[in-house]
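Undergrad: Sequence and predicted structure are below.
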Amino acid sequence: MIVVKNLKKSFGDVKAVNGVSFEARDGEITGLLGPNGAGKTTTLRMLYSLLPPDEGEIRIDGMDPTKDAMDIKRTLGVVPDSRGQYSRLTTRENIAYYGELHGMSRQAIQERTDQLIQTLDMNDFIDRRTEGFSQGQRVKVAIARAMIHEPQTVLMDEPSNGLDVMSTRALREYIRSLKQAGHSVVLSTHIMQEVAALCDHIVIIADGEVAADGTAQQLLERSGCDSLEDAFVKLIGTEEGLLA
Amino acid sequence: MRGLRTVFKKEVRENIRDRRALFNSLLLGPLLFPLLFVGMMWFLESAEQERAEKALELPVIGAQYAPSLIRFLEQNGTVILPPPEHPEDMVRDQEVPVVIRILPEYPERWAEGLPAPVEVIADASRQESNQPILRVKQLLLGYGQKIGALRLQLRGVSPQAVSPIMIKDVDLSTPKSRAILAVIFLPYVLMITAFTGATHLAMDTTAGEKERKSLEPLLINPVPRWQIMTGKMLTTTLFATASLALTLVSFRIVLPFMPVGAFGMDLTLSLSTLLKILLVVSPVAILAAALLTLLAAFAKSYREAQSYMGLVILIPMIPSLIFMANPVKAESWMMSIPLFSQNMLIGEVIRGESVPLAWYALSFSTTLLIGLILAVAAASLYNRPKLIFSTS
């Protein structure tokens, strides 16, 4: 469960995030939708305590990232925009590294890795070095290492970036399974089809502010449009950066 | 500390698989420098020998004034060449190293028993002429002494009367303390090796990780940043130390093949000497790792980091260069200067001198302290949120 209230962050004169508030409940997929540069990544970075907010409040399961950074990191699974992996280590070693950093035992890491190999279908490349992996394979490794410690809350920054149709479908299926298991999932994207297909709760962010907030149905009603696409364009006020 | 250990273990494993890291840290220095050293020694030795053994070719002007001197020179292995037209130009253009000119008043003064003038025309600032100049002067001096003794005997005076003092050389330098070249060269090589051994790792684990975009996900793990940074720095230190140890071992293997005879050196490095030297330089590895990590973490990109490295590699050269230009006697206060103190201590160890234990302690602790200060600075750099964003 994530509660964000009036979050603000500036870099110099640029107000990257300027008063963002939303809630992300357990067992729901919350989508942060907005054009490129709207402030989605910065918001997520404040959630996983990489950046301190200038103003506002964040609570993740009651904890504050500015005070309980270490505890929050233990309950979060994050697939950030940067998905760099160690090309001289195998997939298994890449995943185990994160498990060890979380203080997991070798036994626990192995069991959990076996599970993830099944759910993410990684059998083909689990013992291969990650050098030269495809985008789809990279995303799977990034997800596996983020999920190794079974986090309650999952944050994903543009997870389907660069994926082909088949990989995207598999990814969506996986995200839905997280929701079924009762996790709280927050993902950012600039692709509205993704939000429409996945999210229970949509937060539209433009220019660092929340432009609209609600279920797909609510957004349609509020904008008075027939299609989601029209609704998004109307709510954001521009078509720029929205269409995949 | 669990995080620190994990990072250390992973970095070691990853970099052992990195051929470039292995080459740079563990192969380049340990192979290149000892071979360079031995090659240099061979070259010096053979050039020196060649000059000593070659017949001395000597153009003489006014040979007709001193036939007996010419005969003496020829008897002593000199090839007398005809007089050149412009002897000064010849020497200046390095056609010959040395020319002698016997002046016209030579026979007259000779007959009167006065010193007869002979000019030695040479350029003493040219190193390669030193050997021939010395040989010509020694021959002339020898001839002079021989004739002088004869003249005294003719007058009924013992030639010993003009040698009131007999100089005897009592050389206290042991064969070890004559190993000057090695004393200068080995510390120099080791200081550089500590830095070259650390460079690739320091850059790859910080600037490299940033550039490959694996730093941000790494920092999301519940491990304090200083532990991540320290794990990386320890890996760098390990590789630098391994590089130093291998360099010492390869010197140990290579030195027996050196033409030591002519230099009067005893350069067998015993195992205990090697260990002593390794102990003396080990804090330099930490210092180098900390300094390089600090710079590499500060750099916005791998390329920027690389441009710093070119300058940093000059640092370990400074003490050696000062030392070569102005050799000073080791004193205890100098032991508090990093790099400089190691330079001196290694020199003393190779010379086989006994060094006060306090010197080792002072050198070790001050260098370590400065290394730790730099490490803390690097750690605080890692704590800045900005660290992540400096890539783009």
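TA: Yep, that arrived.
Undergrad: And the helices in the stretch 251-392 of chain B?
TA: Ranges of helices in the stretch 251-392 of chain B, per DSSP state H, counting those that start in this stretch, are B:271-298, B:302-312, B:317-325, B:340-351, B:357-382.
Undergrad: Which positions in chain A make contact with chain B?
TA: Of all the residues in chain A, those in contact range of chain B (Cβ under 8 Å from any Cβ of the partner chain) are A:48, A:50-52, A:70-71, A:73-74, A:76, A:78, A:80-89, A:93, A:97-98, A:100-103, A:142, A:145-146. Bear in mind the C-beta positions are built from the backbone N, C-alpha and C, glycine included.
Undergrad: pLDDT weak spots in the chain?
TA: If you meant another chain, say so; for now it's chain A. Chain A contains residues with pLDDT under 70 at A:238-244.
Undergrad: my bad, chain B
TA: Low-confidence segments of chain B (pLDDT under 70): B:48, B:51-52, B:169-183, B:258-268, B:385-392.
Undergrad: Which positions in it make contact with chain A?
TA: So chain B meets chain A at B:2-3, B:6-7, B:10, B:13-15, B:17-18, B:209, B:212-224, B:385, B:388 (Cβ under 8 Å from any Cβ).
Undergrad: one more time with 6 Å, if that's ok
TA: Listed as neighbours of chain A in chain B under the rule Cβ under 6 Å from any Cβ of the partner chain: B:2-3, B:6, B:10, B:14, B:17-18, B:212-214, B:216-217, B:220-223, B:385.
Undergrad: How about the residue most central in space within chain B: what's its closest non-neighbour residue?
TA: Chain B has B:Phe185 as the residue nearest its centroid, 2.8 Å off, counting by Cα atoms, centre = their mean. The shortest distance from B:Phe185 to any non-neighbouring residue, by Cβ to Cβ, 6 or more residues apart in numbering or on different chains, is to B:Phe37 (5.7 Å).
Undergrad: about what we covered before: now list the buried members of the residues of chain B next to chain A.
TA: B:3, B:6, B:10, B:14, B:18, B:212-214, B:216-217, B:220-223 (16 or more other Cβ atoms under 10 Å in any protein chain shown).
Undergrad: Chain A: helices as residue ranges?
TA: Here chain A has its helices, by DSSP state H, at A:40-47, A:69-75, A:91-101, A:106-120, A:135-147, A:165-180, A:192-198, A:216-223, A:228-236.
Undergrad: which one of those helices is the most hemmed in?
TA: helix A:40-47 (a mean of 25; mean count of other Cβ atoms under 10 Å in any protein chain shown).
Undergrad: Relative to the whole chain's centre, how far out is that one?
TA: Distance of helix A:40-47 from the chain centroid (Cα atoms, centre = their mean, to the nearest Å) equals 10 Å.
Undergrad: Restricting to C-alpha, output that helix in CSV.
TA: Provided in CSV are the C-alpha atoms of helix A:40-47 (Å, rounded to 0.1, in the frame of the first residue of the first chain):
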residue,chain,number,x,y,z
LYS,A,40,7.0,9.6,-13.7
THR,A,41,10.6,8.4,-13.3
THR,A,42,11.4,11.1,-10.7
THR,A,43,8.3,10.1,-8.7
LEU,A,44,9.3,6.5,-8.7
ARG,A,45,12.9,7.4,-7.7
MET,A,46,11.5,9.2,-4.7
LEU,A,47,9.4,6.1,-3.9
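Undergrad: so what does that helix touch, helix or strand wise?
TA: Applying 3 or more Cβ pairs under 6 Å, 6 or more residues apart in numbering or on different chains; DSSP states H and E, we find helix A:40-47 packed against strand A:14-24, strand A:153-157.
Undergrad: so how far is chain A from B:Leu73?
TA: According to Cβ to the nearest Cβ, to the nearest Å, B:Leu73 and chain A sit 71 Å apart.
Undergrad: burial count for the nearest residue to that residue once chain neighbours are set aside?
TA: Nearest-residue entry for B:Leu73: B:Leu139, 5.9 Å, with adjacent residues in sequence omitted and distances by Cβ to Cβ, 6+ apart. Number of residues near B:Leu139 (other Cβ atoms under 10 Å in any protein chain shown) recorded here: 20.
Undergrad: Nearest to chain B: which residue in chain A?
TA: A:Gly84 (3.2 Å; Cβ to the nearest Cβ).
Undergrad: Neighbours of that residue, how many?
TA: Counted with other Cβ under 10 Å, A:Gly84 comes out at 20.
Undergrad: I figured it was touching B:Leu215, is that so?
TA: No - applying Cβ atoms under 6 Å, one finds A:Gly84 not in contact with B:Leu215, separated by 7.4 Å.
Undergrad: hmm, back to that, distance to B:Ala330 for the helices of chain A - can I get that in JSON lines?
TA: As requested, those are exported to JSON lines (distance: least, Cβ to Cβ, whole Å):
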{"stretch": "helix A:40-47", "distance to B:Ala330": "54"}
{"stretch": "helix A:69-75", "distance to B:Ala330": "49"}
{"stretch": "helix A:91-101", "distance to B:Ala330": "47"}
{"stretch": "helix A:106-120", "distance to B:Ala330": "52"}
{"stretch": "helix A:135-147", "distance to B:Ala330": "54"}
{"stretch": "helix A:165-180", "distance to B:Ala330": "67"}
{"stretch": "helix A:192-198", "distance to B:Ala330": "71"}
{"stretch": "helix A:216-223", "distance to B:Ala330": "80"}
{"stretch": "helix A:228-236", "distance to B:Ala330": "74"}
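Undergrad: To A:Ala24, which of those lies closest?
TA: Relative to A:Ala24, the nearest member of the helices of chain A by Cβ to Cβ is helix A:40-47, separated by 9.3 Å.
Undergrad: Could I get the full set of strands for the stretch 51-200 of chain B?
TA: B:56-61, B:78-81, B:98-102, B:118-122 (DSSP state E, counting those that start in this stretch).
Undergrad: so of these, which one's packed in deepest?
TA: Among these, the stretch with the highest mean neighbour count (mean count of other Cβ under 10 Å) is strand B:98-102, at a mean of 23.
Undergrad: picking up where we left off before, switch the helices of the stretch 251-392 of chain B over to CSV; also include mean neighbour count.
TA: Listed next are the helices of the stretch 251-392 of chain B as CSV, based on neighbours: other Cβ atoms under 10 Å in any protein chain shown:
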stretch, mean neighbour count
helix B:271-298, 23
helix B:302-312, 15
helix B:317-325, 14
helix B:340-351, 24
helix B:357-382, 18
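Undergrad: Check the spacing between the closest residue to A:Pro65 other than its chain neighbours and B:Pro222 real quick.
TA: Excluding the flanking residues, the one nearest A:Pro65 by Cβ to Cβ, 6+ apart is A:Ser49, at 3.7 Å. The gap separating A:Ser49 from B:Pro222 is 10 Å, by Cβ to Cβ, to the nearest Å.
Undergrad: With B:Pro356 instead?
TA: Applying Cβ to Cβ to B:Pro356 and B:Pro222 gives a distance of 48 Å.
Undergrad: So for B:His200, what's the nearest residue that isn't a sequence neighbour?
TA: In space, and not counting its chain neighbours, B:His200 is closest to B:Asn24: 4.1 Å by Cβ to Cβ, 6+ apart.
Undergrad: For that neighbour, which three-state class applies?
TA: Put simply, B:Asn24 is helix when judged by DSSP: H, G, I helix; E, B strand; the rest coil.
Undergrad: Contacts made by stretch A:151-167 with the rest, please.
TA: A:41, A:44, A:47-48, A:60, A:75-81, A:135-136, A:168, A:171, A:178, A:183-189, A:194 (Cβ atoms under 6 Å, 6 or more residues apart in numbering or on different chains).
Undergrad: list the contacts for A:Cys225?
TA: With contact taken as Cβ under 6 Å, 6+ apart, A:Cys225 is in contact with A:231, A:234.
Undergrad: List the buried residues for stretch B:80-98?
TA: So, applying 16+ other Cβ under 10 Å, buried residues of stretch B:80-98: B:80, B:83-84, B:87, B:90-91, B:96-98.
Undergrad: Next step: those restricted to helices.
TA: Per DSSP H, the buried residues of stretch B:80-98 map to helices at B:87, B:90-91.
Undergrad: Out of these, the closest to B:Leu278 would be?
TA: Nearest to B:Leu278 out of those is B:Val91 (Cβ to Cβ; 50.2 Å).
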